[in-house]
Structure formats: C-alpha cells, structure tokens
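1. missing the sequence, but the structure's below:
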C-alpha cells in the first residue's frame, strides 16, 4: 500500500545552517505530496505542497521538489532560524480516493542560536 | 471561527470509560477527517465524512470507535470502553471540495485533543 518514509530525527542544527530532511514515498500513480509542520503545542500546519512531477513547492524559505524518478520530496531550507524548531511531516494524498493523507513518522528539528 | 476547533483540548479518563471528542470544522467545508496520532508518530487516518455521510471508516481500529456528523457540520468521535492503547492525540481536519470525493484542496487541522487513559 501507499506509504511515506522520512529520515529519523532529531536533526540538530545551528542557526543559519542548511537544512535537508529526506522523504521518499511508495504509491500507485502520482499522488500529491505535502510537507506539514507542527510547532510545540500546536496543530499541523500545511507548509508546502506539489501536485505533479517536477513541481516545486515553496513557502517561508522552505522548498521541496516532486521527483518522480526517485519517488522523493526532500525538504530544504538554505538558512534555518531558531523559530523553525518543530516537527516536520511528509505526507501523500492517498490514491485510492477520499483524499486521506498518509503521513511519515515525522522529523524533529532543533535549531540552536 | 476561522479555523478548525476541537474540544476538549485535554481529556483524562479511566480505563473502561466512554469518551466523546468534538470537532467544529471550518464553516462551509464539506469534507471532514479524523486522525489518530500516537506519541512520536505521524497521524494515521481514522475516518472520513462528506457532509453527513461517512464514506470511509477503514481506519477505525475497533468497533469501540464510532464517529458521526449528523448535520454535516460538527462531528463527534466517540470511544467506548477505553483502553490504554487509545491514548493519543486525536486530530480533526476539514477541507473544501469542488464536488465528488476527490479534491486537491488542502486539509486544515485543529490543535487536537490529547487523550490519556489511566
């Protein structure tokens, strides 16, 4: 069945460092892909999305490119801030219908000054 | 309100008790989803409503779990005879849809209800 695999955390970085969080997926067809972020004590917020191959989603300095060849959707940011500390979830829109999301296990990011 | 609202924010119950969790979706949103998020894990799908119709309940872990959305807006997730393994954060999400069961409109999540079973 459809699934999402993320790199394990925690990821610990210094402020202004480059961030990559790896995400790969298994799915029938070409599902829409998403990154959600969960700040401490808050609900999930959509960070960015891509709906077809080679699309690049971007928001708040974060980017991810839908790579059909490698079935990947890695999240990147050129210069992280302390305020980016959160848990990041990669997700796909299930191809079997009704738009349910299938999430990865999440990657915790901690950014230090 | 502007977002998805869930209540209560925290719920503590003794094993064997029944609990009810409420979700107020964004006004006008046709689609409503429930997810369960265990500690340190990603959310897992429980059930889906389109208006008042429950079209997918494949993720409900047992017949102790029951969800309803009788008027197509507010939804309630009920868990009967709670067990310790039911301890988790329960997330509700809603989205607009252009019709049918398929849409790429994003899901908007509430802050969740953290359920602890003692």
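-> Nice, I can see it. Everything numeric in this text was worked out from a predicted model, so none of it was measured.
2. who in chain B is up against chain A?
-> Counting by CB under 8 Å from any CB of the partner chain, the residues of chain B close to chain A are B:4, B:31, B:33, B:35, B:40-45, B:48, B:50, B:55-56, B:59, B:91, B:93, B:95, B:97, B:101-104, B:106-112. Any C-beta I mention is one placed from the backbone N, CA and C, and that applies to glycine too.
3. which among those residues end up buried?
-> Of the members of the residues of chain B next to chain A, the ones counted as buried by neighbours, 16 or more other CB atoms under 10 Å in any protein chain shown, are B:4, B:31, B:33, B:35, B:42-45, B:48, B:50, B:56, B:59, B:91, B:93, B:95, B:97, B:103, B:106-112.
4. which regions of chain A lie under the pLDDT threshold?
-> Residue ranges of chain A with pLDDT under 70: A:97.
5. identify the residues contacting residue A:77.
-> A:18, A:19, A:61, A:62, A:63, A:84 (CB atoms under 8 Å, 6 or more residues apart in numbering or on different chains).
6. which of the residues you listed count as buried?
-> A:19, A:62, A:63, A:84.
7. and the residues you listed, which two are furthest apart?
-> A:63 and A:84 (13.4 Å; CB to CB).
8. so which of the contacts of residue A:77 is the closest to chain B?
-> Closest approach between these and chain B, by CB to the nearest CB: residue A:62, at 15.5 Å.
9. average pLDDT for stretch B:47-66, rounded please.
-> Stretch B:47-66 carries an average pLDDT of 94.
10. now check whichever strand or helix holds residue A:64, is it near chain B?
-> Assigned by DSSP states H and E, residue A:64 falls within strand A:62-65. No. Using CB under 8 Å from any CB, we find that strand A:62-65 stays clear of chain B, coming within 14.8 Å at best.
11. could you count how many residues lie near residue B:71?
-> 9 (other CB atoms under 10 Å in any protein chain shown).
12. over to residue A:38?
-> 24.
13. ok, the one 10 residues further on next?
-> If you count neighbours by other CB under 10 Å, residue A:48 ends up with 19.
14. in chain A, what residue lies closest to chain B?
-> For chain A, CB to the nearest CB, closest residue to chain B: residue A:103, 3.3 Å.
15. so who does that residue touch?
-> With CB under 8 Å, 6+ apart, residue A:103 has these contacts: A:4, A:36, A:89, A:90, A:91, B:42, B:43, B:44.
16. of the contacts of residue A:77, which is the nearest to residue A:53?
-> Among these, and counting by CB to CB, the member closest to residue A:53 is residue A:63, at 15.8 Å.
17. I'd guessed that closest one sits against residue A:56; true?
-> Yes. Between residue A:63 and residue A:56 a contact is recorded at 6.0 Å, counting by CB atoms under 8 Å.
18. for residue A:100, what are its contacts?
-> Applying CB under 8 Å, 6+ apart, the residues contacting residue A:100 are A:93, A:94, B:33, B:45, B:48, B:56, B:59.
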